[in-house]
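1. coords please:
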Amino acid sequence: MSADVANQEPATAEAAGTDSGRIRARFEQLKADGRGGLVTFVTAGDPDFETSKKLICGLPAAGADLVEIGMPFTDPMADGPAIQAAGLRALNAGQTLPKTLEIATALRATDADVPIVLMGYYNPIYSYGVERFLADARAAGVDGLIIVDLPPEEDDELCVPAMRAGLNFIRLATPTTDEKRLPTVLRNTSGFVYYVSILGITGTKEIEDAPVRAAVDRLKRHTDLPIAVGFGIKTADQVAAICESAEAAVVGSAIVKKIADGLDPTGRATPDLVDDVHAYVAELAEGARRKAG
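-> Next up, the predicted model:
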């Protein structure tokens, strides 16, 4: 353990405490296997509930090591055009937070071990009711949360209750998270750290390897948690390069664009959509398994 970690006490007992264990176990297994991990993001309900459920439930078999399920929201301020469009398609098709939890339940029924992370914004959770949401998320087999619009200063809103409920609360670190801010960001983080490799919204820029390596090295001086790098990753070679320094690569916008490519002119899923997306995920997973070089 690094000196920084050794000298940093958790802000709450829960920060060092109980979680479902699947995220930790998966990263331990990846380390034992000597390879990186692939984290996939898909918006729940895109383009419709049944297609989305089939697609998400098939991600582990296609090669996803962790599955992030996006909770659609009407004002996704951190998301780029592709994920915004996916959220709009999902909402127009009638997707709700209970239906998103239903998809998580279906995925857990097909795979007992894959870590499931819900990603999104706080407003739908607040409207649903925090206590009810956390209980229902655990019942659905969810392991962690990424809530992009809740800063550490608002930990009492959801982060601390989530940890008490046994859910990992996964934080985002960015290129602008400086040495002064980083300990605050990491204080109640658990599961893994999600490093946002590019400033701005999702899916709009290409990732650069050298700055990412330097950023991952810096994060590892502050935490022993696994690092997953996302934003701008589209190819197996990019996944492999990321996994040379980080524990996992996150692919979201590129997968969501594949879904959009599989829609007919009326916006309905074509017969090959699910298989085509799974084939693309399998390509990305190959990069995580071979790394770079």
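2. tell me the secondary structure at residue 74.
-> Taking DSSP: H, G, I helix; E, B strand; the rest coil as the rule, one finds residue 74 in the coil state.
3. what about residue 221, neighbour count?
-> 12 (other C-beta atoms under 10 Å). For glycine as for every other residue, the C-beta is placed from the backbone atoms N, C-alpha and C.
4. oh, that last question was meant for residue 279, not what I typed.
-> Per other C-beta under 10 Å, the neighbour tally for residue 279 reads 12.
5. got the contact list for it?
-> Counting by C-beta atoms under 8 Å, 6 or more residues apart in numbering, residue 279 makes contact with residue 62.
6. do the same with residue 109
-> Going by C-beta under 8 Å, 6+ apart, residue 109 touches residue 141.
7. before we move on, which element is the residue nearest to the spatial centre of the chain in?
-> Geometric centre of the chain, nearest residue: residue 68, 4.1 Å, by C-alpha atoms, centre = their mean. Using DSSP states H and E, residue 68 falls within strand 66-70.
8. the residue nearest to the centre of the chain bridge partners, please.
-> Here residue 68 sits in beta bridges with residue 41, residue 117, going by DSSP bridges.
9. start to end distance for stretch 39-53?
-> 17 Å (C-alpha to C-alpha, to the nearest Å).
10. and residue 213, how many neighbours?
-> Residues contacting residue 213 under the criterion other C-beta under 10 Å number 16.
11. make 8 the first number, not 1, from now on.
-> Noted, 8 is the first residue going forward, which turns the last one into residue 220.
12. how about the nearest residue to it, chain neighbours excluded?
-> In this structure, residue 220 finds its nearest non-sequential neighbour in residue 252, 4.5 Å apart by C-beta to C-beta, 6 or more residues apart in numbering.
13. what's the burial count for that neighbour?
-> Residue 252 is flanked by 20 other residues according to other C-beta under 10 Å.
14. do you know how far it is from residue 165?
-> With distances taken as C-beta to C-beta, to the nearest Å, residue 252 is found 30 Å from residue 165.
15. kindly report the same for residue 34.
-> 23 Å.
16. swap in residue 271?
-> Residue 271 is 39 Å from residue 165, where distance means C-beta to C-beta.
17. could you do residue 203 as well?
-> When distance is defined by C-beta to C-beta, residue 203 is 20 Å away from residue 165.
18. now do residue 104
-> Taking C-beta to C-beta, one finds residue 104 at 14 Å from residue 165.
19. equivalent analysis for residue 100, please.
-> Counting by C-beta to C-beta, the gap from residue 100 to residue 165 is 27 Å.
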